[in-house]
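In: just to be clear, the model below is a prediction. Sequence and coordinates:
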Amino acid sequence: MKICIAGAGGRMGQALAEAVEGHDGLQLVAALDHPEASGVGKPVRPEAAVTVSADVEAAVARADVVVDFTRPEASLALLAACRKQGCGMVIGTTGFDNGQLAKIETASADIPIVMAANYSLGVTLLRALVAQAAKALGDDFDIEVVEAHHRHKVDAPSGTALALGEAAAEARGVRLEDVAVKSREGHTGERESGAIGFATVRGGDVVGDHQVLFLGDGERIELGHRASSRATFANGALRAAAWLRGRSPGRYDLFDVLGL
């Protein structure tokens, strides 16, 4: 399967370029970055045969699947090119608004798309555990989601934190947007029953820490995950790319890829 990596000069792009070398059946045929990026025209990795390009149409035309960890606007441009070429997508970008998500959903009628906020097997299992705990404990336990990432991350709360909150909300039979509290400042008053709170930490080179707290009277349950290497996400994304071979159009997530 022929792979194109978008955002090749970024941290995840470099992790993907390194990881694809170790995956049987996957071949890196193209790498993309924005036109002003310093790596354009240079090998994606030292001694690599593939050079980084800014030509989206040409790169997508060579690939079976585009693996995309960029930003929402860039992802939508890639989405349009993939739809035109009939190319699958693995989307790891976060921070989409509702209108952008609707465009992805529309495109999934024509091409297969795997989309996840986090490509870690551990985080995927954490989502399932959070849902199970939220359903069992009910509103007697308050839920808080705490996440930490490196100083360069541009969206908050993280997509993974929101996915964990969604898992808890769905298990309780409510919509996250109706119960989420994403910031607190000043005289906030007492905590509302049923709310799902979020706290964000940014700094250093933290790859990704997520913790879900279930806080009751006299006890609490803590479910969490810490990532120490971006290789974890790269390997998960490439597993998703390989899974797309021969797949029908549709929008899938990592639960589908892993058969959970």
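Out: Perfect, I can see it now.
In: select the longest helix from the protein.
Out: For the chain, the helix with the greatest residue count under DSSP state H is helix 121-137.
In: show me the helices in the stretch 1-150 of the chain, by range?
Out: Here the stretch 1-150 of the chain has its helices, by DSSP state H, counting those that start in this stretch, at 11-20, 56-61, 72-85, 98-107, 121-137.
In: quick one: mean pLDDT over the longest helix of the chain.
Out: Averaged over helix 121-137, pLDDT sits at 94.
In: hang on, the earlier thing: just name the most buried of the helices of the stretch 1-150 of the chain.
Out: helix 11-20 (a mean of 22; mean count of other Cβ atoms under 10 Å). Every C-beta, even on glycine, is put in place using the N, C-alpha and C of the backbone.
In: picking up where we left off before, can you redo the helices of the stretch 1-150 of the chain as a markdown table with distance to residue 208?
Out: As requested, the helices of the stretch 1-150 of the chain are exported to a markdown table (distance: least, Cβ to Cβ, whole Å):
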| stretch | distance to residue 208 |
| --- | --- |
| helix 11-20 | 11 |
| helix 56-61 | 27 |
| helix 72-85 | 19 |
| helix 98-107 | 21 |
| helix 121-137 | 8 |
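In: which one of these lies closest to residue 169?
Out: helix 121-137 (7.8 Å; Cβ to Cβ).
In: hang on, the earlier thing: hmm, who's touching the longest helix of the chain?
Out: 116, 118, 143, 160, 163-164, 167-172, 210, 212, 214, 216, 221, 223-225, 227, 232, 236, 254-255, 258, 260 (Cβ atoms under 8 Å, 6 or more residues apart in numbering).
In: from the residues you listed, which land in helices?
Out: Members of the contacts of helix 121-137 lying in helices (criterion: DSSP H): 160, 163-164, 167-172, 232, 236, 254-255, 258.
In: relative to residue 152, which of these is nearest.
Out: Ranked by distance to residue 152 (Cβ to Cβ), the ones in helices among the contacts of helix 121-137 are led by residue 160 at 16.0 Å.
In: excluding chain neighbours, what is closest to the closest one?
Out: Among residues not flanking residue 160 along the chain, residue 118 sits closest, at 4.1 Å (Cβ to Cβ, 6 or more residues apart in numbering).
In: which of the contacts of helix 121-137 count as buried?
Out: Applying 16 or more other Cβ atoms under 10 Å to those, the neighbour count classes 116, 118, 143, 160, 163-164, 167-169, 171-172, 210, 212, 214, 223, 225, 227, 232, 236, 254 as buried.
In: out of the helices of the stretch 1-150 of the chain, which comes closest to residue 250?
Out: When the helices of the stretch 1-150 of the chain are compared by Cβ to Cβ, helix 98-107 sits nearest residue 250, at 10.1 Å.
In: gap between the two ends of stretch 142-160?
Out: 19 Å (Cα to Cα, to the nearest Å).
In: cool, and stretch 208-228?
Out: Termini of stretch 208-228 sit 8 Å apart (Cα to Cα).
In: same check, this time on stretch 26-42
Out: Separation of the first and last residues of stretch 26-42 by Cα to Cα is 21 Å.
In: and that stretch, average pLDDT?
Out: Regarding stretch 26-42, the rounded mean pLDDT is 94.
In: fine by me, we can end here.
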